[in-house]
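>>> sequence? don't have it. structure:
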């Protein structure tokens, strides 16, 4: 009996040991399998999980990615058209400038500075970009301008326009240190006459004038027809002279190569969700969380400084109705689905700042799994290589408050006064540094926003680099969709600069120009029949967005964007028309008799001959048979297609449609 019990115990012990060994083996396998799975997902998640490659001659490809035919005759042509003398070293003096603001303001301001230097017959000193000075903690390798742009290219490209130098002569440097040179703070809407009447006399007298730019420019956007050469000079600066430094250019083009590695086109999307812009327009109620408080705090500051002359609390729903608030990312996802873009379409997320973080992108990411940004295309080493060596900040060690001894607590109790006495209310629990979530932790502790820390200042400088990378990828994209462009604030914005650059270099590329007022109405339609699959709501979206690609959308956009930023709509001064493609259209003018579209010059013979040769080669290489559509290609099909003018491409008349297709139902 005893022997039997011993055998049972040994068997139980052996089973227990085997179970523990089995559990250990399973844990180890699970651990290493998970690591392999994560690594595999990181390596294969981008570039393999896309829709099958589309035939570029298929009807679906042309519908979603093809060029906009009415704009194919527009070609970039910013060369001087009239007598244009080479600058002389014996001019009126030197202009030096300080530029405040982010990527968009810097780019617009530099173009205006060059035009002003030409107007005043002055030598331009390489401008100082305050967001990227060494005081921001960036690498000492860079001067402020060279942090983003290529100085040598900038100087060489403008040789026939103005003289550009890297610094003032020594005598004027000393005068600047003694504050003997006049300094003028300018606005972006400054008239040319102001420079002739006010600045030129001071320049001739002092031989140097300092300019301070804070509004994203220093010259009126729309100039008289007699100053068309200055508009073309702006284009030469923005699109030919302002090259990013070679490291940025190389990394940006590598990102584009990775995006197209599978032979797939991609969309670039810029949300435009910036705290300052949202506060300016009163769009705080779009968030309904702590971000609402942050927007309202910034709006109060703008009111205090008289930048905003309205009430603090604004009905954000009404503001969305008049187009003053952005298209939210989830709405952009719905619009792209309505257009027919498959769920596996590659979408590049541009913008160094998306207010609200990843939370506001969750709905769009759920609709489009291939939503990527620079961090998905570049590793940390590639991104840090743009920064060069930066002095590390001292670590912020958290120190917990010292606990009081028992004797101290007893002594405080004895000195607290006569008894009986009510107990004091418990103190607020302190919120320590390690408990804060992000930079906005101050809002839980104080009513005033703290000054930027050294780390914050350095991050602001880094954002210039990230915006430069996003700019390259967005300009090269097969399609571009702005979430919030031409917001009405008068400040230049990222999306508008990208749209203007694409309009100059490749006008026929697919650049959506949505009207936020119309989209607001579409998103708030309550007629039930419009929501049946494949029916009028999707057709209305397709009609509007296809119209926005062509001439109608371009003219409508120009009415709003050109008065605030010429680089957002560099027509007609910086383009020409090829007669082989289309007749030069009749000029379209605004209420002030300014040309918005049409009236461009005919392209010179040498350009037309080169374009004709390229076009013939493209036709010969594209004679391929159609292929069978894949599952993703037929997704969202079955809907009537629209051309770039918004017209139906099928032959079904409106009277033959189903009753449910009646938009007035």
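Nice, I can see it. Treat the numbers as computed from the prediction; the structure is a model and nothing was measured.

>>> residue 73: neighbour count?
Residue 73 has 23 neighbours, counted by other C-beta atoms under 10 Å. No exception for glycine: its C-beta is placed from N, CA and C like everyone else's.

>>> any idea how far it lies from residue 298?
Residue 73 is 45 Å from residue 298, where distance means C-beta to C-beta, to the nearest Å.

>>> contacting residues around the nearest residue to residue 72 once chain neighbours are set aside?
Of all residues not flanking residue 72 in the chain, residue 508 sits nearest, at 4.4 Å (C-beta to C-beta, 6 or more residues apart in numbering). With C-beta atoms under 8 Å, 6 or more residues apart in numbering as the criterion, the residues that contact residue 508 are 67-69, 71-72, 74.

>>> what about the residues you listed, which are in helices?
Among the contacts of residue 508, no residue falls in helices (DSSP state H).

>>> where neighbours are concerned, which of those residues has the most?
Counting by other C-beta under 10 Å, top hit in these: residue 74 with 25 neighbours.

>>> tell me how many other residues surround the nearest residue to that one once chain neighbours are set aside.
Spatial nearest neighbour of residue 74, excluding adjacent residues (C-beta to C-beta, 6+ apart): residue 507 at 3.8 Å. Other residues lying near residue 507 total 20 when counted by other C-beta under 10 Å.

>>> show the pLDDT at residue 507.
What the model reports as pLDDT for residue 507 is 92.

>>> ranges for the helices of the stretch 151-300 of the chain?
151-157, 170-177, 192-194, 200-206, 228-236, 246-259, 275-281, 290-304 (DSSP state H, counting those that start in this stretch).

>>> which other helices and strands contact the fifth one?
Right, the one you point to is helix 228-236. Applying 3 or more C-beta pairs under 8 Å, 6 or more residues apart in numbering; DSSP states H and E, one finds that helix 228-236 contacts helix 103-119.

>>> now the helix it packs on: average pLDDT?
Mean predicted lDDT for helix 103-119 stands at 95.

>>> going forward can the numbers begin at 50, since that is how I track them
Done: numbering now begins at 50, and the last item shifts to helix 152-168.

>>> what angle do it and helix 277-285 make?
Orientation check (axes from the mean of the first three to the mean of the last three C-alpha atoms, to 10 degrees): helix 152-168 against helix 277-285 gives 140 degrees.

>>> following helix 152-168, which helix or strand shows up next?
As assigned by DSSP states H and E, the chain's next helix or strand after helix 152-168 is strand 172-174.

>>> what packs against the helix or strand following that next one?
Next along the chain after strand 172-174, taking DSSP H and E as the criterion, comes strand 177-178. The contact analysis (3+ C-beta pairs under 8 Å, 6+ apart) places strand 177-178 against strand 143-148.

>>> what lines up beside the strand it packs on in the sheet?
strand 172-174 (parallel), strand 177-178 (parallel), strand 257-262 (parallel) (DSSP bridges).

>>> OK, contacts around the most centrally placed residue in the chain?
Centroid check for the chain by C-alpha atoms, centre = their mean gives residue 400 as the closest residue, at 4.0 Å. Neighbour list for residue 400: 319-322, 516, 519, 543 [criterion: C-beta under 8 Å, 6+ apart].

>>> do you know the pLDDT at it?
The model's pLDDT for residue 400 equals 88.

>>> could you look up the SS state of it?
Under DSSP: H, G, I helix; E, B strand; the rest coil, residue 400 falls in the coil class.

>>> separation between it and residue 519?
Relative to residue 519, and taking C-beta to C-beta, residue 400 is found at 6 Å.

>>> what's the overlap in contacts for the two?
Both residue 400 and residue 519 are contacted by 319, 543, under the criterion C-beta under 8 Å, 6+ apart.

>>> hang on, residue 396 in a helix?
No: counting by three-state DSSP, residue 396 is not part of a helix but strand.

>>> and it, how many neighbours?
Look at residue 396: counted by other C-beta under 10 Å, it has 26 neighbours.

>>> what bridges to it?
Applying DSSP bridges, one finds that residue 396 bridges with residue 316, residue 420.

>>> wait, isn't it in contact with residue 418?
No: here residue 396 lies out of contact with residue 418, judged by C-beta atoms under 8 Å, at a distance of 9.6 Å.

>>> rewinding a little: nearest to residue 243, of the contacts of residue 400?
residue 543 (28.2 Å; C-beta to C-beta).

>>> how much space between that closest one and residue 297?
16 Å.

>>> more crowded one of these two?
In terms of neighbours (other C-beta under 10 Å), residue 543 is the more surrounded of residue 543 and residue 297; the figures are 26 against 21.

>>> I figured that one hits residue 153, correct?
Yes: counting by C-beta under 8 Å, a contact exists between residue 543 and residue 153, whose distance comes to 5.3 Å.

>>> OK, contacts around residue 511?
Here residue 511 is in contact with 401, 436 (C-beta under 8 Å, 6+ apart).

>>> which helix or strand contains it?
In this structure, residue 511 sits in helix 503-525 according to DSSP H and E.

>>> next SSE after that helix?
Later in the chain than helix 503-525, the nearest helix or strand by DSSP H and E is strand 528-531.

>>> give me the distance from that next one to the chain's centre.
Relative to its parent chain, strand 528-531 has a centroid offset of 10 Å by C-alpha atoms, centre = their mean, to the nearest Å.

>>> still on that earlier bit, tabulate the contacts of residue 557 (CSV), appending pLDDT and distance to residue 621.
As requested, the contacts of residue 557 are arranged in CSV below (pLDDT from 0 to 100; distance: C-beta to C-beta, whole Å):
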residue, pLDDT, distance to residue 621
116, 91, 20
117, 92, 17
118, 89, 19
120, 90, 13
121, 88, 16
123, 90, 9
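
>>> looking at it, residue 333 is touching residue 365, isn't it?
Yes: taking contacts as C-beta under 8 Å, residue 333 lies within contact range of residue 365: 6.3 Å.

>>> these two touch, right, residue 537 and residue 374?
No: with contact defined as C-beta under 8 Å, residue 537 does not reach residue 374; the gap is 10.7 Å.

>>> so how far is residue 608 from the residue nearest to residue 121?
Taken as C-beta to C-beta, the span from residue 557 to residue 608 is 21 Å.

>>> just for the stretch 100-249 of the chain, where's the confidence low?
For the stretch 100-249 of the chain, applying pLDDT under 70 flags the ranges 100-104.

>>> contact partners of stretch 183-190?
Here stretch 183-190 makes contact (C-beta under 8 Å, 6+ apart) with 181, 191, 193, 196, 436-440, 442, 503-504, 506-507, 509-510.
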